[in-house]
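Asks: Please find the sequence and the predicted model below.
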Amino acid sequence: MGIQFIEKSKTFHLYNDSVSYIMEVLPNGHMGQLYFGGRIHLREDYSYLSETILRSMTAYVENDSQPLFTLANTKQEYGVYGTTDFRQPALEVLHENGSRLTDAKYESHQIMKGKPKLQGLPAVYTEDDSEAETLEITLKDSVCGLTLKLSYTIFRDRSCIARSVRLINEGSQNLHLLSAMSLCLDLPDSGYDMVHSSGCWGREFHLKTRHLEPGIQSVGSRRGNSSHEHNPFMVLKRPRTDEFQGEALGFSLIYSGNFLAQAEVDAQQVTRVLMGIHPGGFDWKLEPGAQFQTPEAVIVYSDSGLNKLSQEFHQLYGKRLARGTWRDRPSPILLNNWEATYFDFNEERLLKIAAKAKECGVELFVLDDGWFGARRSDNAGLGDWVVNRDVLPDGITGLAQRVEDMGMMFGLWIEPEMVNEDSDLYREHPDWIISTPGYPASKARHQWVLDYSRPEVVDHIHQMIAKLLREAKISYIKWDMNRSITECYSSELPADRQGEVFHRYILGVYSLYERLTSEFPHVLFESCASGGGRFDPGMLHYAPQCWTSDDSDAAERMKIQYGTSYCYPLRSIGAHVSAVPNHQLGRVTPLQTRADVACFGTFGYELDLNKLSAQEIEDVKKQIVFVKKYRNLLQYGTFYRLENPFEGNLTAWMVVSEDKKDAIVGWYRTLNMANAPFSRLRLKGLSPDFSYTLDGSRASHYGDELMQIGLLTSDTALDEFQRPEKGGDFDARLFILHSEDKQ
Ligand code: DGJ
């Protein structure tokens with residue numbers, strides 16, 4: 001790993017064993033992009049990669065050394081609009097005189113060991129300076145006084161680059177940042193498919209693939225959260241790239257608010273990727289002396305398909321984005337009472353559910369919505385984080401202690417960013433909601449969003465939540481967020497700062513997370529936003545797991561979890577077994593299938609176990625024993641997607657241990673088939689020379705057989721495993737592989 005600067009050609013080369021990132025100072029002083037991809041040799045001069053040519057209708061930058069230099073056809077590091085480049089810019093700055101030009105010229109650079117922290121924002125980190133090097137390039141616009149610090153981190157052992165930008169107003173006039181992207185990457189051609197997630201509530205992380213075409217294609221959010229609809233994640237892959245082979249670039253933004261992920265193909269087929277805070281409605285006033293830090297973006301390179309790309313993200317985000325004691329501890333098996341009771345509970349009912357959960361082996365009992373203020377339905381109570389003694393006479397402290405006495409941890413649901421009209425908080429502070437003067441304040445789920453851009457609001461909520469955490473033995477918090485932001489406006493900010501509210505809001509959320517996670521480091525946080533409405537890398541920094549979707553139907557979950565795994569590690573994917581008929585779809589799937597899907601995530605239950613039959617309880621007990629035995633492998637093993645649920649009747653995936661001695665394969669068939677053909681599933685990631693036994697049978701196969709020929713998944717194979725009940729719709733099978741061989 002290293003960062004090479006070649007003085008003569010003013011070229012930077014960031015490299016490790018797997019990737020190279022090369023850029024140069026252009027003739028006009030701006031930064032030009034030359035290459036990002038698989039590792040290439042170091043050399044003194046990469047100027048042959050500069051693609052500039054005299055074209056008709058092109059405007060040229062006045063420049064003594066190279067009079068015909070233009071930005072129009074030049075690949076850049078941080079493109080600006082308004083001189084000779086007409087593509088969407090990474091940066092757009094409004095000056096006091098109304099101009100929007102910037103002329104960001106190279107001034108200096110600095111190479112550092114390790115990686116500096118990002119002020120107030122979540123980011124990937126190093127634990128040891130030897131893990132990474134960071135390059136900070138300083139660019140300056142001497143007309144308006146804006147200084148740009150472009151930051152690039154390369155890791156010793158990872159195929160990725162982390163990027164962000166700090167903007168400093170060193171001039172004497174107020175500047176307005178109208179667009180300040182985290183990442184701009186110009187690629188030399190457009191031969192890519194764009195893969196991104198596309199969905200909605202209950203249908204998060206559905207995958208969409210489209211070929212890049214001239215013009216702009218983008219996904220994003222202007223909802224104040226990263227959203228159910230899209231995710232701050234996008235892949236550009238070569239059209240023939242699949243899960244196992246071919247080139248792909250993954251782009252991810254470590255941010256939980258409004259975002260844009262965009263690819264623009266210009267007339268010469270150059271592809272400009274932009275990723276950052278959505279410029280729609282964004283306007284950040286930068287006074288003289290002030291700084292603005294963009295969120296961080298990560299680009300991952302894979303030369304071996306999408307599985308490899310995802311594994312890189314899983315490793316990076318699992319170990320160097322997530323933090324705290326729970327980062328390296330598999331999630332406890334939980335039971336959440338939401339779908340068991342909704343709002344209809346009292347302490348007695350909860351304890352009955354908890355007792356059954358304990359009997360089955362559950363480790364964490366989670367009390368969801370409805371325990372506070374006047375919250376007996378979703379009409380009231382949000383904002384009043386004080387227990388309702390009619391429901392829980394001994395308070396949260398009493399209930400938590402009783403659950404602890406049973407031998408389980410206790411967890412609690414909160415939705416600290418929201419308020420109901422019918423709440424003491426709103427009655428005391430009606431001006432604390434986000435709303436625009438003179439216009440109606442839209443409600444969603446009968447609630448408004450608190451103005452987290454105001455520090456006093458965050459302080460107030462902090463006091464209430466910290467008090468709860470201090471007083472009761474709470475080991476887990478589920479932090480929910482059940483609506484998007486509308487009528488975005490803060491009564492505390494002046495007119496020329498209203499474009500800052502969305503970003504200030506999420507900074508407020510991060511600051512509360514930061515305070516609570518550092519004051520209560522033993523508490524496991526799970527983020528949630530009506531399921532996956534804010535399942536993003538920003539949240540992962542504080543909460544190592546996230547409730548993936550309110551849709552807990554096993555068949556739907558295969559798709560949702562498959563899509564989520566493109567960027568996020570299994571340790572983060574909240575997955576529970578719920579009751580049938582399923583509450584979202586009315587579908588009935590076997591109990592074992594529900595567990596076999598959920599165990600590839602942070603496993604739990606979301607139902608009243610007292611309602612199950614004696615046989616089902618025995619099955620639940622076995623499921624829990626199984627997850628306890630294998631959860632380390634299930635949550636931290638190397639994950640491979642094998643069969644794509646978006647393409648057919650089958651879903652399959654597997655995890656492999658680091659030493660390759662253990663693996664678990666999950667195989668799922670949506671609809672059964674009469675007189676079905678023999679089927680085999682080609683496995684991945686095993687050692688070809690190891691001999692693996694299949695759980696429940698005496699049969700053993702070499703890794704090369706299992707990877708080249710495949711694992712038999714058809715019913716003859718089942719006989720071999722003496723599986724009593726066969727087939728049916730929504731069938732699932734887990735195959736446990738183990739080898740005693742040594743490398
Ligand atoms: C939405 C969450 O996604 C659910 O799991 C549950 O916590 C409800 N909110 C409670 O209101």
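Replies: Yes, it's here. What you see is a predicted model; the values in this text were computed from it and never measured.

Asks: So stretch 542-554, near the ligand or not?
Replies: Yes - under the criterion of CB under 6 Å from any ligand atom, the ligand is reached by stretch 542-554 at 547, 550. C-betas here are computed from N, CA, C, even on glycine.

Asks: tell me the average confidence for that stretch?
Replies: Stretch 542-554 comes out with an average pLDDT of 98.

Asks: which residue sits closest to the residue in the stretch 301-450 of the chain that the ligand sits nearest to, ignoring its sequence neighbours?
Replies: Residue of the stretch 301-450 of the chain nearest the ligand, by CB to the nearest ligand atom: residue 369 (3.5 Å). Sequence neighbours aside, residue 413 is the residue nearest to residue 369 in space, at 5.4 Å (criterion: CB to CB, 6 or more residues apart in numbering).

Asks: Can I get stretch 48-61 in CSV? Just the C-alpha atoms.
Replies: Output of stretch 48-61 as CSV, limited to C-alpha atoms (Å, rounded to 0.1, in the frame of the first residue of the first chain):
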residue,chain,number,x,y,z
TYR,A,48,-0.9,8.9,-21.9
LEU,A,49,-4.2,8.4,-20.0
SER,A,50,-5.2,12.1,-20.4
GLU,A,51,-7.9,12.1,-23.0
THR,A,52,-8.1,15.6,-24.4
ILE,A,53,-8.7,16.4,-28.1
LEU,A,54,-9.7,19.4,-30.2
ARG,A,55,-13.4,19.1,-30.8
SER,A,56,-15.8,21.4,-32.6
MET,A,57,-18.0,23.6,-30.5
THR,A,58,-15.7,23.3,-27.5
ALA,A,59,-14.8,26.2,-25.3
TYR,A,60,-11.2,26.4,-24.1
VAL,A,61,-9.7,27.6,-20.9
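
Asks: quick one: buried residues of that stretch?
Replies: 49-50, 52, 60-61 (16 or more other CB atoms under 10 Å).

Asks: ok, residue 340 - contacts?
Replies: Neighbouring residues of residue 340 by CB atoms under 8 Å, 6 or more residues apart in numbering: 353, 579, 606-608.

Asks: of all those, which two lie farthest apart?
Replies: 353 and 579 (12.2 Å; CB to CB).

Asks: Name the residue in the two with the higher neighbour count.
Replies: The residue with more neighbours, out of residue 353 and residue 579, is residue 353; 25 against 19, by other CB atoms under 10 Å.

Asks: ok, now which ones touch the more buried one?
Replies: By CB under 8 Å, 6+ apart, residue 353 lies in contact with 335, 337, 340-341, 365, 608-610.

Asks: and those residues, which of them are in strands?
Replies: Judged by DSSP state E, strands contain the following of those: 335, 365.

Asks: Can you report how many residues neighbour residue 462?
Replies: Around residue 462 there are 17 residues (other CB under 10 Å).

Asks: Okay, and it sits in which element?
Replies: helix 455-471 (DSSP states H and E).

Asks: try residue 36
Replies: strand 31-38.

Asks: can I get the CA coordinates of that strand in PDB?
Replies: Taking Å, rounded to 0.1, in the frame of the first residue of the first chain, the C-alpha atoms of strand 31-38 are listed here in PDB:
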ATOM      1  CA  MET A  31      -7.600  17.900 -10.600                       C
ATOM      2  CA  GLY A  32      -8.000  15.300 -13.400                       C
ATOM      3  CA  GLN A  33      -9.000  11.700 -13.000                       C
ATOM      4  CA  LEU A  34      -6.800   9.200 -14.900                       C
ATOM      5  CA  TYR A  35      -7.700   5.700 -13.600                       C
ATOM      6  CA  PHE A  36      -9.500   3.600 -11.000                       C
ATOM      7  CA  GLY A  37      -9.500  -0.100 -11.200                       C
ATOM      8  CA  GLY A  38      -7.300  -3.200 -10.700                       C
END
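
Asks: What sits closest to the spatially most central residue of the chain if chain neighbours are left out?
Replies: Geometric centre of the chain, nearest residue: residue 536, 2.8 Å, by CA atoms, centre = their mean. The shortest distance from residue 536 to any non-neighbouring residue, by CB to CB, 6+ apart, is to residue 226 (4.0 Å).

Asks: again, but for residue 210
Replies: Sequence neighbours aside, residue 194 is the residue nearest to residue 210 in space, at 5.6 Å (criterion: CB to CB, 6+ apart).

Asks: next one: residue 268
Replies: Once flanking residues are discounted, residue 268 sits nearest to residue 73: 5.9 Å by CB to CB, 6+ apart.

Asks: So that neighbour versus residue 18, what's the distance?
Replies: 30 Å (CB to CB, to the nearest Å).

Asks: and if you look at residue 246?
Replies: Applying CB to CB to residue 246 and residue 18 gives a distance of 15 Å.

Asks: Equivalent analysis for residue 463, please.
Replies: Taking CB to CB as the measure, residue 463 falls 48 Å from residue 18.

Asks: Look at those two and report which has more neighbours.
Replies: More crowded of residue 463 and residue 18, by other CB under 10 Å: residue 18, with 18 against 10.

Asks: now the more buried one, nearest residue through space, not along the chain?
Replies: Distances taken as CB to CB, 6+ apart put residue 159 closest to residue 18, at 4.4 Å, once the chain neighbours are dropped.

Asks: which residues in the stretch 251-400 of the chain form strands?
Replies: With DSSP state E, counting those that start in this stretch as the criterion, the stretch 251-400 of the chain has strands at 259-265, 271-277, 284-286, 291-293, 296-302, 334-336, 364-367.

Asks: so how far is the fourth one off the chain centroid?
Replies: For strand 291-293, the distance from its own C-alpha centre to the chain's C-alpha centre is 23 Å (CA atoms, centre = their mean, to the nearest Å).

Asks: Can you give me the buried ones in that strand?
Replies: Neighbour counts using 16+ other CB under 10 Å place 292-293 of strand 291-293 among the buried residues.

Asks: Report all helices and strands that it contacts.
Replies: Other helices and strands packing on strand 291-293, by 3 or more CB pairs under 8 Å, 6 or more residues apart in numbering; DSSP states H and E, are strand 160-169.

Asks: So which bits of the strand it packs on are buried?
Replies: 160-169.

Asks: could I have it exported to CSV, CA atoms only?
Replies: Provided in CSV are the C-alpha atoms of strand 160-169 (Å, rounded to 0.1, in the frame of the first residue of the first chain):
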residue,chain,number,x,y,z
CYS,A,160,-11.6,0.4,-1.9
ILE,A,161,-11.1,4.1,-1.6
ALA,A,162,-12.9,6.3,0.9
ARG,A,163,-13.5,9.9,-0.1
SER,A,164,-14.8,13.1,1.3
VAL,A,165,-14.4,16.8,0.9
ARG,A,166,-14.0,19.7,3.4
LEU,A,167,-14.8,23.2,2.2
ILE,A,168,-13.4,26.2,4.0
ASN,A,169,-14.3,29.8,3.3
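
Asks: Specify the angle between the helix or strand that comes right after that strand and strand 296-302 in degrees.
Replies: Counting by DSSP H and E, the next helix or strand C-terminal to strand 160-169 is strand 175-187. Interaxial angle of strand 175-187 relative to strand 296-302 (axes from the mean of the first three to the mean of the last three CA atoms, to 10 degrees): 0 degrees.
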